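*Asks:* okay, predicted coordinates and the sequence, questions at the end:
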Amino acid sequence: MALEHGINANLLRKWINQYRENNSSAIPGAPSALSAFAPVLSLETPKSVEISLSVTLANGVKLALQGVRLSDLSPLLNDLAALPCSVSNRD
């Protein structure tokens, strides 16, 4: 993450060690100083990942899905797995 923002990873490690050393020498019960680090917030919205899935079963049944969101794939596959097998439906 440091390299993505143009910060040398070794320098970041040095800062973290200095921060830890300064906090370990603090007097218990004394008000703590403000942190030298601020949380980094991303303003980007998460990208929706879409995938395509093509399945051909041994009995010739074909399933083709395109543009399926990754978050929808798991419930879809669970529902398909819960369907009865054609072999078990023979009369």
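*Replies:* Alright, I've got the coordinates.
*Asks:* host element of residue 36?
*Replies:* Using DSSP states H and E, residue 36 is not contained in any helix or strand.
*Asks:* can you pull the contacts of it?
*Replies:* Applying C-beta atoms under 8 Å, 6 or more residues apart in numbering, one finds that residue 36 lies in contact with 15, 19. For the C-beta atoms, the positions are set from N, CA and C on the backbone; glycine is no exception.
*Asks:* same deal with residue 76?
*Replies:* 65, 68.
*Asks:* quickly find the element holding it.
*Replies:* Going by DSSP H and E, residue 76 is in helix 70-82.
*Asks:* any idea of the mean pLDDT in that helix?
*Replies:* What helix 70-82 shows for mean pLDDT is 82.
*Asks:* what do you get for stretch 37-47?
*Replies:* 74.
*Asks:* hey, where'd the strands end up in the chain?
*Replies:* With DSSP state E as the criterion, the chain has strands at 50-56, 62-69.
*Asks:* adjacent strands (with direction) for the shortest one?
*Replies:* Looking at strand 50-56 with DSSP bridges, its paired strands and their directions are strand 62-69 (antiparallel).
*Asks:* tell me what angle the strand it pairs with forms with helix 70-82.
*Replies:* Counting by axes from the mean of the first three to the mean of the last three C-alpha atoms, to 10 degrees, strand 62-69 lies at 150 degrees to helix 70-82.
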